[in-house]
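A.B. asks: Got a sequence here, can you model it:
(chains A and B)
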Amino acid sequence: MSASIQPKSADPELTLISVTKSFGGHDVIRGIDLTIEKGELVVFVGPSGCGKSTLLRMIAGLENVTSGEVTIAGKTVTDEEPYDRGIAMVFQSYALYPHMTVAENMGFALRLQRIPKEERRKAVEKAARILQIEPLLDRKPAQLSGGQRQRVAIGRAIVREPRVFLFDEPLSNLDAELRVQTRIEIARLHQSLGATMIYVTHDQTEAMTLADRIVVLRAGKVEQVGRPTDLYDDPDNTFVAGFIGSPRMNVLPGQVIAEDRVKLAGVEIAMSGLSEKLAPGEDIQIGIRPEHFMEGTGPRVDLTIEVVEQLGSTAFIHGSLGQGLPVVVEARSARPAVGDTVSVTFDADKTCLFRSTGERIR
Amino acid sequence: MATVGRRERKILWAASVPMALLALSCIYPLWFAINNALKDNRGYILDRFGWVNDPTFENFVTAWGRARFSEYFLNSVVVTGGAVAVLLITASLAGFALAVLRFPYRRLVFIVILASMMIPVQVVLVPFYKTIIGLGLLNTRIGLILSYTAFFLPFSVYLMAAFYAALPRELTEAARVDGARFWQVWWFVMLPLGTPALITLGILNTLYCWNDVLISLLVLQRERTLMVGITALRGEYSTNVPLLAAGIVLAAAPIVLIYLVFQRRIVAGIAAGAVKG
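C.D. replies: Predicted coordinates:
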């Protein structure tokens, strides 16, 4: 994890200090440290089973913390019940109470706090106005579409005016179009409420578009934390390089031939700006994003085109470099044909070098 | 709709014969009771199996008044109502705890409850009777209510636990995040959501409690419930069958009515108990 991108604030909204979680001796979360500032939208992203939802549930108080500490607004809440943490959560399955109307669902937390009916009504109507669900207030969840249910679930969270909003893969049950629409609405909501939000997803596009900062998780550990563009441009390891970005970064085998020169598919590449010295003869991995091919006047390699995915504005070429290294290349202006062998350049300054163990060489 | 072939039709016909016989064996006693309850004793002796010629409700009046059926009826209503109410509340709470809460030995508790469903009532009659005497509950309605609760609770808990386990876990979690304490999660979320299962359970337990003779006979010896009361209509040497039939019809009427109204739910409840969990 890059320490530099952890915000330095005297008054963070949420901190995780060496938190771990074990299920029957199996470590699911393995010592996570994280600081989240007030008003930040932080996205936990990672493949299935990486522990992102477990970590969110630990923050919510729905899972016990095996060791470590969770603080919210400076108060240690590690052993507190969910309702004493000042959080609200939007579940993947919406979790709306089916026997209550939309208004009753949204006002349930206030009802439990014995807030007078009139105040409750006003709070519910205010949240409903923000989410444009006023006409739905008297309906039951079964009478709503997936998108409407999602809004109600978000509305239920807004009404509580929590310190931290927690979203557990809230868009995964929606169709592609609605997912994009709701994603934009959540981003808007974050801006208008200025609230601290933690959002869990396995979809790196959601993470990239929504996040102020992304936390990439793998097997219960943080692989990297940073702004979306930082993670994209400057990944710490091959896992982050592969996970962030679609199509994923090409990670190709190469070899160091001098302290500042490497070889890829028989082509020598001069590396500039490295602070670490390269050891000649070392096997390394060279990461090149698909869009960094066919630009600049850098090294030139032969590409055999096998499949072309035409997307209209751009095209993705699946092919092989040199002696059969599989790559994906983005071709914005060219209209390549399957079976052709073309010579492509790539921008050497934008390549990332990794050791054979996957760690980044900077 | 799929067409039924000749072979399938033959199988359907073959299957319908035993089904018709089974239905007849259920309907005939009912018809026999109603038919003879409307006869006087003389009419019954002259023609036991024939249709009633001159129907009279005299037997119903006699059973209700002179044979103290009104008292027995009240007893049955009180103990059945009481036991069903206690059963529903207890089963809902226990089902919620077993299905949703995580506590040590949860599985063991569930297995013990399941195992207790397999013990026949007759096996525990002696210790049960001694316990009832020891607690001073003999000849009390409370005693019978608690006895019914004890005997029918395992199935009730099993049914509710199976029902609650099938509900999304996120609902209780959402309620906890919303600020609901344990009792509030049960009261505001689990109890209303469990209504369909509770209705089914209520009907099934009403049937069990109302129809019971054995436990009632042991606990409520001085007073009687309706089903036990029927036996009082039998003489040692001779029995007034039309009066007995009227008593049977009076005792069975509420339960038949409940069965007819809630038929679908009863079947659903039995199926739920059979396959879930």
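A.B. asks: Any idea how many residues pack against B:Lys130?
C.D. replies: Using other Cβ atoms under 10 Å in any protein chain shown, B:Lys130 has 10 other residues around it. The way it works is simple: take the backbone N, C-alpha and C, and place the C-beta from them, glycine included.
A.B. asks: likewise A:Arg360?
C.D. replies: 19.
A.B. asks: Which helix or strand contains it?
C.D. replies: strand A:360-361 (DSSP states H and E).
A.B. asks: Name the SS class of A:Gly312, please.
C.D. replies: For A:Gly312, the assignment made with DSSP: H, G, I helix; E, B strand; the rest coil gives coil.
A.B. asks: Now do the strand holding A:Arg360: distance to the chain's middle.
C.D. replies: 22 Å (Cα atoms, centre = their mean, to the nearest Å).
A.B. asks: and what of stretch B:23-42?
C.D. replies: For stretch B:23-42, the distance to the chain centre is 22 Å (Cα atoms, centre = their mean).
A.B. asks: Could you give the average pLDDT over it?
C.D. replies: For stretch B:23-42, mean pLDDT rounds to 89.
A.B. asks: Just the CA trace of that stretch, in PDB.
C.D. replies: The C-alpha coordinates for stretch B:23-42 follow below in PDB (Å, rounded to 0.1, in the frame of the first residue of the first chain):
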ATOM      1  CA  ALA B  23     -62.500 -40.100  -0.200                       C
ATOM      2  CA  LEU B  24     -65.500 -42.300   0.400                       C
ATOM      3  CA  SER B  25     -63.900 -43.700   3.600                       C
ATOM      4  CA  CYS B  26     -63.500 -40.100   4.800                       C
ATOM      5  CA  ILE B  27     -66.900 -38.800   3.800                       C
ATOM      6  CA  TYR B  28     -69.000 -41.800   4.900                       C
ATOM      7  CA  PRO B  29     -68.400 -41.400   8.700                       C
ATOM      8  CA  LEU B  30     -69.300 -37.700   8.400                       C
ATOM      9  CA  TRP B  31     -72.500 -38.500   6.500                       C
ATOM     10  CA  PHE B  32     -73.300 -41.300   8.900                       C
ATOM     11  CA  ALA B  33     -72.900 -39.000  11.900                       C
ATOM     12  CA  ILE B  34     -75.000 -36.100  10.400                       C
ATOM     13  CA  ASN B  35     -77.700 -38.500   9.100                       C
ATOM     14  CA  ASN B  36     -78.100 -40.300  12.400                       C
ATOM     15  CA  ALA B  37     -77.900 -37.100  14.500                       C
ATOM     16  CA  LEU B  38     -81.000 -36.000  12.800                       C
ATOM     17  CA  LYS B  39     -82.900 -39.300  13.700                       C
ATOM     18  CA  ASP B  40     -84.500 -40.100  17.000                       C
ATOM     19  CA  ASN B  41     -83.400 -43.200  18.800                       C
ATOM     20  CA  ARG B  42     -86.300 -45.300  17.500                       C
END
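A.B. asks: Restricting to C-alpha, output stretch A:152-169 in PDB.
C.D. replies: Included here for stretch A:152-169 are C-alpha records, laid out as PDB according to Å, rounded to 0.1, in the frame of the first residue of the first chain:
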ATOM      1  CA  VAL A 152     -35.900   3.800  -1.900                       C
ATOM      2  CA  ALA A 153     -33.000   1.900  -0.300                       C
ATOM      3  CA  ILE A 154     -30.800   5.000  -0.900                       C
ATOM      4  CA  GLY A 155     -33.600   7.200   0.400                       C
ATOM      5  CA  ARG A 156     -33.900   5.100   3.600                       C
ATOM      6  CA  ALA A 157     -30.200   5.700   4.100                       C
ATOM      7  CA  ILE A 158     -30.500   9.500   3.500                       C
ATOM      8  CA  VAL A 159     -33.300  10.000   5.900                       C
ATOM      9  CA  ARG A 160     -31.100   8.800   8.800                       C
ATOM     10  CA  GLU A 161     -28.500  11.600   8.000                       C
ATOM     11  CA  PRO A 162     -25.600   9.300   8.900                       C
ATOM     12  CA  ARG A 163     -22.000  10.200   9.200                       C
ATOM     13  CA  VAL A 164     -21.000   7.500   6.800                       C
ATOM     14  CA  PHE A 165     -23.000   5.900   3.900                       C
ATOM     15  CA  LEU A 166     -22.100   2.300   3.100                       C
ATOM     16  CA  PHE A 167     -23.000   0.800  -0.300                       C
ATOM     17  CA  ASP A 168     -22.600  -2.900  -0.800                       C
ATOM     18  CA  GLU A 169     -22.700  -3.600  -4.500                       C
END
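A.B. asks: Tell me if it is near chain B.
C.D. replies: Yes. On the criterion Cβ under 8 Å from any Cβ of the partner chain, stretch A:152-169 is in touch with chain B at A:Arg156, A:Arg160.
A.B. asks: Which positions within that stretch qualify as buried?
C.D. replies: A:152-160, A:162-169 (16 or more other Cβ atoms under 10 Å in any protein chain shown).
A.B. asks: who's in contact with residue 190?
C.D. replies: With no chain named, the answer covers chain A. Residues near A:His190 by Cβ atoms under 8 Å, 6 or more residues apart in numbering or on different chains: A:Leu41, A:Met197, A:Leu210.
A.B. asks: Can you look at chain B instead?
C.D. replies: B:Ser92, B:Phe96, B:Val100, B:Tyr164, B:Leu167, B:Thr172.
A.B. asks: can you list the residues of the stretch 151-277 of chain B near chain A?
C.D. replies: Going by Cβ under 8 Å from any Cβ, the residues of the stretch 151-277 of chain B near chain A are B:168, B:170-171, B:173-181, B:184, B:188-189, B:192-193, B:195.
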